[in-house]
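In: Need the 3D shape of this:
(chains A and B)
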Amino acid sequence: MSSAARDRIMSNIRAAAGDNVEVPATACLPIATYGPQEKIDRLKSLMEAVKTEVHVVSKKDWPTAVKSVLRRRKLKTLLYAPETALGPELEMAWQNDSEGLPELIIYEGDIESFKETLFQTDAAITTTVGAIAETGVVVLWPDSTEPRTMSLVPSVHIAVVDSATIYNSFCEIIQRQSWPEKMPTNAILISGPSKTADIEMTLAFGVHGPKELIVLILK
Amino acid sequence: MLEPTAFNFKKNISKALGDRQLRANLKSAMDGLKTKRLNVFADDDELQQLRILCNAIKKRALSRLPQLLEQLEEKCVQNGIQVHWAETTDAACRIVLDIMKQHGASRLLKGKSMVSEEMHLNQYLQKIGIEAIETDLGEFIIQLDGEPPSHIIVPAVHKNKDQIAKTFHEKIPGAPYTEVVEELNSIARKNLRQKFFEGQIGLSGVNFAVAETGTLCLVENEGNGRMCTTVPSVHVAVMGIEKVVERMEEVPPLLRLLTGSATGQLITTYVNMITSPRKPGEKDGPKEVHLVLLDNGRSKILADAELRQTLYCIRCGTCLNHCPVYTRLGGHAYGFVYPGPIGEILTPQIEGLDVAGELATASTLCNACEEVCPVMIPIPRLIRRMRTESYAKDSSATVKGHGYKTNFLESTVWKLWAKMNTSPWLNSLNSKMLGLLGGLLPKAGPLKAWTSVRSKPKFAAKSLHQRVKERGVNRE
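Out: Alright, predicted model coming up:
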């Protein structure tokens, strides 16, 4: 049924678009470029404007920053992925001192078996593939080690960005990381905690996604 | 539910204009949206460059629509997405239903989608006992009240928080009465979280589909869209065939204009780009992703070079916010899914002028919509085209239901009017008569209708011609 419909739609469209002159391809507009510090500053201020908590920290002691962020919140569980570069460092930091910190938990099995725990998890920490200075977002490519729901279901999401991967614009990250050749199952741009203005255009945070987004920029 | 057959535009307009609360709610929301848009497009040169670019992107995409749709289908299938084609909204509803049946699902979790509104999917499923749950907060609110959206982007814009507080308290079991926006939000969050947890099938719209990679791009702030497309084991995306773009690189400029025009945001909270179902080894994401491509009259619109521009629309809703008519009426008065200026050109083309042609009368042709349209659709020109075709009986007219307004009396009146104004002696006689007797015209018939909301015209005692003849022209 559907394929007959397809053929009819396609033949209608072919007839409709048939007489058309070729319209030239378009190119990206020239993009603004920012210096290394400017990128960090712009990313921070744009994300803070939509209620993201941003910390610029040194590459060496980022786990200390994570700890202080978490201690202030008194959470029970933190979901992390042991296989990422962040994993071993977190484990080490927790071994040294886990006083007042949430328990580290991992995404066990697939969502069907982990769902119950997932929906009760307080926080999750993930890597990013970069960030975009122009519009103030972090970019995630979830994968088998860091599933999609890690940055979606828990109330607090902590995203870690290497300052060397802050790109000027969305166009630039698409080009430099060759997105068209290797799109992942899901790519996601995130600018802040979940929000809505559906009631009287009043901005309120924490609707269906995370109530808080914390970004650590490693310098 | 608003049934197209019961569409009485004049009655709807009188009702809307008489609703002071509605007008107050709309005014504050529309003013806010306009200000936010201006702030995010502070650099007008940049905005104009972006508009020219995005107009060209859409123009090119539509000129290559057959190739792009084939490419999109091929890429999606390669990626593991199942592609379905629907000529009509009924066929699209059936496709969604069949997928649900295959999975034995009795509940559909919906992210915000205007195409699903166009399909009247909720009512379709409801009739056979399947529950469709709207998860976008605005859509959730109006679903509780059994209303259709009144705005493309802000579906519950016609309601204030007191009205919403009352709805929540009455319709959600156990919800306390509160007018605090944050508390209303958390009532919705709590209510829907359980549904997301249980959800088997999620449905979403599509903002842009990229042919080059077979990627579906979705834009949102709340996270409900991500929930619907990530947690359930099946995701069904519905889109109009005009939403396809050629290359990934074209998404950033379109996205910038979409979020800026729609809500005055530099970018939304989430831009969700879906390219495949869950791959082996991945732990979450739907195991099946379906894409339903809906025509519903779009291929016919494509055939006319001028009308084709209607299909450039990226559904940002900014023409609504800037329309002096929409901002006083709200969306419900328009009686169909797409209100405001874009609805005035899109709906008559889909439904037929004989059904919805009257929508094209709801414009002052002030051009505000054209000036703000991110993809530069000449909306006022297309509104005039709808008006002209409403009277066009001949085969030069292309819109379905054209010529429905043609009637003997009106065409005779216009013939006489033309005669009178092209014949000097008739024109002068008419001016004299109106000068003498115009003030005595009885308020009856067309004049009565005209003067019901306007002041009666005053005729000068002497025509301009006559005064020039008497006094000469003073050349300074």
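In: pLDDT wise, what is the spatially most central residue of chain A at?
Out: What sits nearest the mean C-alpha location of chain A, by C-alpha atoms, centre = their mean, is residue A:140, with 4.0 Å. Note on residue A:140: pLDDT of 98.
In: Assign a three-state SS to the nearest residue to residue B:134 once chain neighbours are set aside, would you?
Out: Nearest-residue entry for residue B:134: residue B:143, 4.4 Å, with adjacent residues in sequence omitted and distances by C-beta to C-beta, 6 or more residues apart in numbering or on different chains. Backbone N, C-alpha and C define where each C-beta goes, glycine included. What DSSP: H, G, I helix; E, B strand; the rest coil gives for residue B:143 is helix.
In: now residue B:426
Out: helix.
In: Surely it and residue B:420 touch.
Out: Yes: counting by C-beta atoms under 8 Å, residue B:426 touches residue B:420, with 4.7 Å between them.
In: What about the residue in chain A that chain B sits nearest to, how many residues nearby?
Out: Among the residues of chain A, residue A:209 lies closest to chain B, at 2.4 Å counting by C-beta to the nearest C-beta. Applying other C-beta atoms under 10 Å in any protein chain shown, we find 29 residues neighbouring residue A:209.
In: Residue B:268 is in contact with that one, correct?
Out: No: Residue A:209 lies out of contact with residue B:268 (C-beta under 8 Å); the separation is 11.5 Å.
In: And the average pLDDT for stretch A:209-219 is what?
Out: Mean per-residue pLDDT for stretch A:209-219: 97.
In: do stretch B:439-448 as well
Out: Mean predicted lDDT for stretch B:439-448 stands at 79.
In: Contacts made by it with the rest, please.
Out: Residues from elsewhere that reach stretch B:439-448 (C-beta atoms under 8 Å, 6 or more residues apart in numbering or on different chains): B:451, B:456, B:458, B:459.
In: in what helix or strand does residue B:299 lie?
Out: If you go by DSSP states H and E, residue B:299 is part of helix B:298-302.
In: oh sorry, the question was meant for residue B:193
Out: Secondary structure assignment for residue B:193, by DSSP H and E: helix B:181-198.
In: Identify each buried residue in that helix, please.
Out: Buried residues in helix B:181-198, counted by 16 or more other C-beta atoms under 10 Å in any protein chain shown: B:181, B:184, B:185, B:186, B:187, B:188, B:189, B:191, B:192, B:195, B:196.
In: what's the closest of those to residue A:51?
Out: Within the buried residues of helix B:181-198, the smallest distance to residue A:51 is 14.0 Å, found for residue B:185 (C-beta to C-beta).
In: pLDDT-wise, which helix or strand of chain A ranks last?
Out: In chain A, no helix or strand scores lower on mean pLDDT, DSSP states H and E than helix A:2-17, which sits at a mean of 91.
In: Repeat that for chain B.
Out: In chain B, no helix or strand scores lower on mean pLDDT, DSSP H and E than helix B:445-451, which sits at a mean of 81.
In: what comes into contact with whichever helix or strand comes after that helix?
Out: Once the chain leaves helix B:445-451, the next helix or strand it forms, by DSSP H and E, is helix B:464-471. With C-beta under 8 Å, 6+ apart as the test, helix B:464-471 has contacts from B:428, B:431, B:432, B:462.
In: ok so the second one is a helix residue?
Out: The reference is to residue B:431. Yes: when three-state DSSP is applied, residue B:431 is found to be in a helix.
In: roughly how far apart are it and residue B:112?
Out: Here residue B:431 is placed at a distance of 57 Å from residue B:112 (C-beta to C-beta, to the nearest Å).
In: Which of those two has more residues huddled nearby?
Out: Neighbour totals were compared for residue B:431 and residue B:112, and residue B:112 leads with 27 against 19 (other C-beta under 10 Å).
In: returning to what we had before: thought the residue nearest to residue B:134 was touching residue B:122?
Out: Yes: using C-beta under 8 Å, residue B:143 is in contact with residue B:122, at 7.5 Å.
In: got the buried residues for stretch A:35-51?
Out: By neighbour count on 16+ other C-beta under 10 Å, the buried set for stretch A:35-51 is A:39, A:40, A:42, A:43, A:44, A:46, A:47, A:50, A:51.
In: sorry, that was for stretch A:152-168
Out: Buried, per 16+ other C-beta under 10 Å, within stretch A:152-168: A:152-163, A:165-168.
In: Alpha carbons of that stretch, as CSV, please.
Out: Output of stretch A:152-168 as CSV, limited to C-alpha atoms (Å, rounded to 0.1, in the frame of the first residue of the first chain):
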residue,chain,number,x,y,z
LEU,A,152,18.3,13.1,29.7
VAL,A,153,16.7,11.3,32.6
PRO,A,154,18.7,12.1,35.8
SER,A,155,17.9,15.4,37.4
VAL,A,156,21.4,16.7,37.2
HIS,A,157,23.6,16.5,34.2
ILE,A,158,27.3,17.2,34.4
ALA,A,159,29.1,17.6,31.0
VAL,A,160,32.8,17.8,30.7
VAL,A,161,34.3,19.9,27.8
ASP,A,162,37.9,20.1,26.8
SER,A,163,38.6,23.8,26.0
ALA,A,164,40.6,22.7,22.9
THR,A,165,37.3,21.3,21.4
ILE,A,166,35.3,24.6,21.6
TYR,A,167,34.5,25.4,18.0
ASN,A,168,33.5,28.8,16.7
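In: what is the mean pLDDT for that stretch?
Out: The average pLDDT within stretch A:152-168 is 98.
In: ok now that stretch, how far from the chain's centre?
Out: Chain-centre distance of stretch A:152-168: 5 Å, with C-alpha atoms, centre = their mean, to the nearest Å.
In: again, but for stretch B:267-286
Out: 28 Å.
In: ends of it, how far apart?
Out: One end of stretch B:267-286 to the other measures 26 Å (C-alpha to C-alpha, to the nearest Å).
In: Against residue B:135, how distant is the residue nearest to the centre of chain A?
Out: Applying C-beta to C-beta, the value for residue A:140 to residue B:135 is 22 Å.
In: show me where chain A has helices.
Out: A:2-17, A:36-49, A:62-71, A:86-96, A:111-118, A:170-176 (DSSP state H).
In: By mean pLDDT, show me the worst of these.
Out: Comparing mean pLDDT across the helices of chain A, the weakest is helix A:2-17, with a mean of 91.
In: Residue B:267 reaches residue A:191, doesn't it?
Out: Yes: counting by C-beta under 8 Å, residue B:267 touches residue A:191, with 5.3 Å between them.
In: and for the two, which residues touch both?
Out: Taking C-beta under 8 Å, 6+ apart as the criterion, residue B:267 and residue A:191 both touch A:135, A:136, A:137.
In: Select from those the one having the most neighbours.
Out: residue A:137 (30 neighbours).
In: Quick check: bridge partners of that residue?
Out: Bridge pairing for residue A:137 (DSSP bridges) gives the partners residue A:132.
In: pretty sure it contacts residue A:128?
Out: No: Residue A:137 lies out of contact with residue A:128 (C-beta under 8 Å); the separation is 9.6 Å.
In: wait, residue A:70 sits on residue A:102?
Out: Yes: the pair residue A:70 / residue A:102 is scored as a contact, 5.9 Å apart, by C-beta under 8 Å.
In: where do the contact lists of residue B:143 and residue B:122 overlap?
Out: Counting by C-beta under 8 Å, 6+ apart, the shared contacts of residue B:143 and residue B:122 are residue B:134.
In: Tell me who's in contact with the residue nearest to residue B:134.
Out: By C-beta under 8 Å, 6+ apart, residue B:143 lies in contact with B:122, B:133, B:134.
In: neighbouring contacts of whichever strand or helix holds the second one?
Out: Right, the one you point to is residue B:133. Under the criterion of DSSP H and E, residue B:133 resides in strand B:131-134. The contact list for strand B:131-134 (C-beta under 8 Å, 6+ apart) reads B:106-110, B:112, B:121-122, B:125-126, B:140, B:142-143, B:192, B:195, B:203.
In: Can you show me the CA trace of it as PDB?
Out: These are the backbone C-alpha positions of strand B:131-134, laid out as PDB (Å, rounded to 0.1, in the frame of the first residue of the first chain):
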ATOM      1  CA  GLU B 131      -4.800   7.100  24.000                       C
ATOM      2  CA  ALA B 132      -2.600   9.700  22.500                       C
ATOM      3  CA  ILE B 133      -0.800  11.700  25.200                       C
ATOM      4  CA  GLU B 134       0.600  15.200  24.500                       C
END
